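In: Could you work out the structure for the sequence below:
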Amino acid sequence: MKKHNFNAGPCILPEVALENTAKAVLDLDGIGMSILTISHRSKEFEAIMEETKALWRELLHIPENYHILFLGGGASLQFCMVPYNLLQSKAAYLDTGVWANKALKEAKLFGEVVTVASSSDKNYTYIPKGFTIPTDVDYFHITTNNTIYGTEIKYDMDSPVTLVADMSSDIMSRPVDIKKYGLIYGGAQKNVGPAGVTFVIIREDILGKVERKIPTMLDYSTHIKNGSMFNTPPCGAIYTMRETLKWLKGIGGVEKINELNKKKAQLLYDAIDNSKMFVGTAEKDSRSIMNICFVMKPEYKDKEEAFMDFAKKAGMVGIKGHRSVGGFRASTYNALPIESVQALVDCMKEFEKQNA
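Out: Predicted coordinates:
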């Protein structure tokens with residue numbers, strides 16, 4: 001039976017990226033060495049590293065005054081690294097979900113933090129609007145896509161201060177005006193690669209302004225000076241990232257994938273909105289095109305487990321909602337084909353036909 005992978009992360013990856021990685025694990029480009037055992041100082045891996053950075057720069061039109069880093073520790077370590085490197089006196093955060101809140105709490109260890117706005121009053125089902133970004137802060141931090149709650153900031157906001165964004169789960173899914181950001185970071189395992197590598201895009205002029213001493217490994221300057229090779233980088237994960245970005249470039253880049261992602265999301269949202277049994281959890285003007293969250297309507301709440309079993313038998317994988325929301329979540333990341341979304345829609349309609 002064909003499996004339809006809606007996992008929130010690690011994510012579905014292009015088949016060609018998986019195939020090429022599998023070959024490279026046994027023998028990288030015919031050199032008689034595995035990508036898992038090759039030296040990160042070898043000319044072969046240095047070429048992989050440089051090509052991966054070049055693909056990032058090309059696909060997102062990253063200006064030359066921005067550095068591209070590949071680090072460890074996931075986005076969670078960035079919650080600490082961002083304030084360590086940037087927070088001198090005060091920072092501002094937008095609270096739109098669990099991960100945004102975790103980043104906010106971490107920043108409080110380094111200085112004063114202002115919560116500009118929060119959607120916690122409605123269990124993070126919307127993106128706050130009408131807030132004012134303070135001008136007396138060192139930076140303003142946002143989380144552009146909230147995987148647990150299915151909300152997304154789908155535009156590049158203007159900020160009077162350095163704008164920092166966690167784009168873990170929507171990077172490369174839509175065009176981004178990089179120039180509006182001072183720093184963008186995220187775990188690769190949502191859209192651009194496997195777990196184990198973290199991307200950081202950072203404008204060089206925002207560093208060197210804090211007075212505190214920064215531990216070597218937590219200092220962005222360390223990794224900039226050493227080309228992400230101060231310590232051994234996650235070579236295998238970076239290789240798979242390169243193959244994923246080559247696939248993305250080959251199908252038309254970020255602009256093309258954004259069109260496809262919108263179609264996938266619309267297909268599923270239309271099915272939810274026209275359903276007798278299912279209802280979306282995020283407010284419509286805040287809906288994510290990456291993570292689509294829905295539950296059973298109150299009168300059918302007792303059928304959630306039955307639908308989960310029904311969907312599993314139909315080949316659906318990873319659609320159980322996060323425990324803080326419940327219900328269901330379909331992650332429609334870049335590599336998910338629209339055929340899988342259609343299969344889920346058909347599954348929902350068939351279950352409704354039998355049970356509504």
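
In: And the pLDDT for residue 323?
Out: Note on residue 323: pLDDT of 87.

In: Tell me the secondary structure of the closest residue to residue 5 other than its chain neighbours, please.
Out: In this structure, residue 5 finds its nearest non-sequential neighbour in residue 12, 4.1 Å apart by CB to CB, 6 or more residues apart in numbering. C-betas here are computed from N, CA, C, even on glycine. Here residue 12 is recorded as coil under DSSP: H, G, I helix; E, B strand; the rest coil.

In: For the residue lying closest to residue 149 once chain neighbours are set aside, give its distance to residue 328.
Out: Closest residue to residue 149 apart from its sequence neighbours, by CB to CB, 6+ apart: residue 124 at 4.3 Å. Residue 124 sits 17 Å away from residue 328, taking CB to CB, to the nearest Å as the criterion.

In: and what of residue 212?
Out: 45 Å.

In: out of those two, which sits in the busier spot?
Out: Taking other CB atoms under 10 Å, residue 212 and residue 328 do not tie; residue 328 has more neighbours (25 against 10).

In: so that one touches residue 319, yeah?
Out: Yes: between residue 328 and residue 319 there is a contact under CB atoms under 8 Å: 5.0 Å.

In: joint contacts of the two?
Out: Taking CB atoms under 8 Å, 6 or more residues apart in numbering as the criterion, residue 328 and residue 319 both touch residue 308.

In: so where do the strands sit in the stretch 201-350 of the chain?
Out: 278-280, 291-296, 316-317, 328-331 (DSSP state E, counting those that start in this stretch).

In: go on, the stretch 51-200 of the chain?
Out: 66-71, 90-95, 112-118, 140-143, 145-146, 151-152, 163-166, 183-187, 198-203.

In: and the closest residue to residue 177 other than its chain neighbours, how many neighbours does it have?
Out: Once flanking residues are discounted, residue 177 sits nearest to residue 156: 4.3 Å by CB to CB, 6+ apart. Using other CB under 10 Å, residue 156 is surrounded by 17 other residues.

In: Quick one: residues contacting the residue nearest the centre of the chain.
Out: Geometric centre of the chain, nearest residue: residue 169, 1.7 Å, by CA atoms, centre = their mean. Contacts for residue 169 were tallied using CB under 8 Å, 6+ apart; they are 8-9, 145-147, 186, 190-191, 290-291, 331, 333.

In: Over to residue 319?
Out: Residue 319 neighbours (CB under 8 Å, 6+ apart): 6, 308, 311, 328-330, 344.

In: circling back: quick check: the closest residue to the residue nearest to the centre of the chain other than its chain neighbours vs residue 219, distance?
Out: The shortest distance from residue 169 to any non-neighbouring residue, by CB to CB, 6+ apart, is to residue 190 (4.0 Å). Here residue 190 is placed at a distance of 26 Å from residue 219 (CB to CB).

In: I am assuming residue 232 contacts residue 40, so please confirm or correct that.
Out: Yes: because the distance of 5.4 Å satisfies CB under 8 Å, residue 232 is recorded as touching residue 40.

In: Compare neighbour counts for these two and give me the winner.
Out: Neighbour totals were compared for residue 232 and residue 40, and residue 40 leads with 17 against 10 (other CB under 10 Å).

In: and that one, what is it in contact with?
Out: Contacts of residue 40 (CB under 8 Å, 6+ apart): 229, 232-233, 235.

In: With residue 32 instead?
Out: Per CB under 8 Å, 6+ apart, neighbours of residue 32: none.

In: Residue 75 too?
Out: 99, 166, 168, 185-187, 198.

In: could you redo the last one with a cut-off of 6 Å?
Out: 166, 168, 186-187 (CB atoms under 6 Å, 6 or more residues apart in numbering).

In: what do you get for residue 220?
Out: Residue 220 neighbours (CB under 6 Å, 6+ apart): 85, 202, 207.

In: so which of these is the most crowded?
Out: residue 202 (25 neighbours).

In: How about residues contacting stretch 267-283?
Out: 125-126, 150-151, 292-297, 300, 341, 345, 348, 352, 356.

In: In ChimeraX, how would I select just the buried ones from those?
Out: Command for ChimeraX that selects the buried part of the contacts of stretch 267-283, burial taken from 16 or more other CB atoms under 10 Å:
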select :125,126,150,151,292,293,294,295,296,300,341,345,348,352
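
In: Which residue ranges of this protein form helices?
Out: For the chain, the helices defined by DSSP state H occupy 15-26, 43-60, 74-86, 98-107, 220-225, 235-250, 253-273, 304-313, 338-355.

In: From the contact counts, what lies against the second one?
Out: Helix 43-60 sits against helix 235-250, with contacts defined as 3 or more CB pairs under 6 Å, 6 or more residues apart in numbering; DSSP states H and E.

In: The helix it packs on versus strand 198-203: what angle between them?
Out: 70 degrees (axes from the mean of the first three to the mean of the last three CA atoms, to 10 degrees).

In: Tell me the buried residues in helix 235-250?
Out: Result for helix 235-250 [16+ other CB under 10 Å]: buried residues 235-248.

In: same deal with stretch 30-49?
Out: 33, 35, 38, 40, 45, 48-49.

In: distance between the ends of that stretch?
Out: 18 Å (CA to CA, to the nearest Å).

In: And for stretch 269-278?
Out: Termini of stretch 269-278 sit 10 Å apart (CA to CA).
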